[in-house]
Each structure stands twice: as C-alpha cells, then as structure tokens.
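Participant: Any chance you can model this:
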Amino acid sequence: MATTQGGTNGQGVVFELTPAGKETVLHTFCSQPNCTDGAGPYGGLVMGKKGSLYGTTNAGGANNGGTVFEVTPKAGETVVYSFGSQSGDGGNPNAALIMDKNGNLYGPP
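Facilitator: Residues are numbered from 1 along each chain as shown. Predicted coordinates:
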C-alpha cells in the first residue's frame, strides 16, 4: 500500500502491513535530491510475478511530471520511468497501473 502524504519527507510512503498489524515502511518518497524518486504516490500498487510492487507518483521524477516506480523489500525503490522524458508522454498520473501476463504495465486512459 502507499500513502500520498506523510513519511519523513511529507511526500508519501510505500508500506507493508502484516495480518498482525505490524507496519514496515519500504520507501519514503522525495528522499533523493529534487525528488527524482517521485512524490505523492497515487492509485493502488500492482504486484509483479516476482513480488515487486509497481505504482505511480503524481509529482517528482527527473522532470517533475511524476514517475512509474518499482519497490522491492530488499532493493528499495527504483524509478522505472519519469514522465516528461519525451514529447507527448503525459504527466502527473493519479490512478493505479495494471499489468498484463507478460509483465507490461499500463496506465490510466
């Protein structure tokens, strides 16, 4: 799960919550200079075949247009894509991703 606000930097976190109610923060957003790791995650997360979690942030990234990110408990967060990297690619996503059987990610219309 993710929160759009809060965490150390006030820009949201990805967290794990066990059935017993123990919370573990897996990533705190805006922890990199200029928020290149993204800020304000929106929508739900989707789990990949190998357990990675994928989601979007509404802000931050290399061009401040939001990101698609991957989080793993062992490796932490990786930016998969920063919106605004190419002309016409959109920006500031605010909905969950879906994943097809091949692992391709699709964003909201």
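
Participant: in the longest strand along the chain, what counts as buried?
Facilitator: In the chain, taking DSSP state E as the definition, the longest strand is strand 39-47. Residues of strand 39-47 classed as buried under the neighbour-count rule (16 or more other CB atoms under 10 Å) are 39, 40, 41, 42, 43, 45. For every residue, glycine as well, the C-beta is placed using N, CA and C.

Participant: Out of those residues, the closest to residue 61 would be?
Facilitator: Closest approach between the buried residues of strand 39-47 and residue 61, by CB to CB: residue 39, at 8.3 Å.

Participant: ok, now which ones touch the closest one?
Facilitator: Counting by CB atoms under 8 Å, 6 or more residues apart in numbering, residue 39 makes contact with 9, 11, 12, 29, 30, 57, 58, 59, 60.

Participant: farthest pair in these?
Facilitator: Greatest spatial distance in the contacts of residue 39: 9 and 58, 14.7 Å, computed using CB to CB.

Participant: between those two, which one's more packed in?
Facilitator: Between residue 9 and residue 58, counting by other CB atoms under 10 Å, residue 58 is the more crowded of the two (23 against 15).

Participant: Next one: that one, what pLDDT does it get?
Facilitator: In the prediction, the pLDDT value recorded for residue 58 is 94.

Participant: I'd like to know which of the contacts of residue 39 are buried.
Facilitator: The neighbour count (16+ other CB under 10 Å) marks 11, 12, 29, 30, 57, 58, 59, 60 as buried among those.
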